[in-house]
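# Build me a model:
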Amino acid sequence: MSARDARFDGQFITGVHSTGIYCRPSCPATTPKAVNVSFYLTAAAAHEAGLRACKRCLPDAVPGSPEWNVRDDLAARAMRLIADGEVERSGVPGLAARLGYTPRHLGRVLQQELGAGPLALARAQRAQTARELLVNTQLPLTDIAFAAGFGSIRQFNETVAA
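Residues are numbered from 1 along each chain as shown. Got it, this is the predicted structure:
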């Protein structure tokens, strides 16, 4: 519990009686004193003991559901929208609004989960599309640049050079 090891999520639930909350072992909240902690096998058992679910780690979520790993789910949904061209159509603020988050929070989550922000991910997606078109078609480079979603030839050239 002190290590906040996610491998133990689903194995047991920790109940903190001083706060009246039960959490997953990986909860980012401050580690409670050992005298205030009880361990339960299920969230239902902790609830029956008079504790309520933590709002940070959502211990009552089912493994595999979007609520179980909110950050991973957000990153996956953002990547699907980026691949569909949402950043080109409405920019990062539009992408964030469509996902229901602020642009700053979306950028922070993508940076932590994937190692790059939304603009870099969109640029990489355009570069991958351009690569596939270069290999599989006989189109001129100008047509490939615009078909891949680049706004200008200069932007295409800078991305390819990088």
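# Remind me which helix or strand the nearest residue to P118 once chain neighbours are set aside belongs to.
Distances taken as Cβ to Cβ, 6 or more residues apart in numbering put V92 closest to P118, at 4.9 Å, once the chain neighbours are dropped. C-beta: built from backbone N, CA, C; applies to glycine. Applying DSSP states H and E as the criterion places V92 in helix 86-99.
# Tell me the buried residues in that helix?
Using 16 or more other Cβ atoms under 10 Å as the burial criterion, the residues of helix 86-99 that qualify are 86-88, 92, 95-96, 99.
# can I get these in TSV with distance to C54?
Supplementary listing: these in TSV, determined by distance: Cβ to Cβ, whole Å:
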residue	distance to C54
E86	32
V87	34
E88	39
V92	31
L95	29
A96	26
L99	23
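# if we take the residues you listed, which one ends up nearest to Q155?
Closest to Q155 out of these is E88 (11.2 Å), distances taken as Cβ to Cβ.
# ok, for that closest one, nearest residue in space, not its chain neighbours?
G149 (5.1 Å).
# What is the neighbour count of the one you found?
The burial metric for G149, expressed as a neighbour count using other Cβ atoms under 10 Å, is 19.
# how would you label it: helix, strand or coil?
Per DSSP: H, G, I helix; E, B strand; the rest coil, the local secondary structure of G149 is coil.
# these two touch, right, T42 and Q11?
No: with contact defined as Cβ atoms under 8 Å, T42 does not reach Q11; the gap is 10.6 Å.
# who has more neighbours, these two?
In terms of neighbours (other Cβ under 10 Å), T42 is the more surrounded of T42 and Q11; the figures are 14 against 11.
# before we move on, the earlier item: export the helix holding V92 to PDB, keeping only CA atoms.
Output for helix 86-99, consisting of C-alpha atoms alone and laid out as PDB, is shown next (Å, rounded to 0.1, in the frame of the first residue of the first chain):
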ATOM      1  CA  GLU A  86      -9.900  16.000 -35.000                       C
ATOM      2  CA  VAL A  87      -6.800  18.200 -34.300                       C
ATOM      3  CA  GLU A  88      -6.700  19.300 -38.000                       C
ATOM      4  CA  ARG A  89     -10.400  20.100 -37.900                       C
ATOM      5  CA  SER A  90     -10.800  21.800 -34.600                       C
ATOM      6  CA  GLY A  91      -7.400  22.100 -33.000                       C
ATOM      7  CA  VAL A  92      -6.300  21.000 -29.500                       C
ATOM      8  CA  PRO A  93      -9.100  23.000 -27.800                       C
ATOM      9  CA  GLY A  94     -11.700  21.300 -29.900                       C
ATOM     10  CA  LEU A  95     -10.200  17.800 -29.200                       C
ATOM     11  CA  ALA A  96     -10.100  18.600 -25.500                       C
ATOM     12  CA  ALA A  97     -13.700  19.900 -25.500                       C
ATOM     13  CA  ARG A  98     -14.900  16.800 -27.400                       C
ATOM     14  CA  LEU A  99     -13.300  14.600 -24.700                       C
END
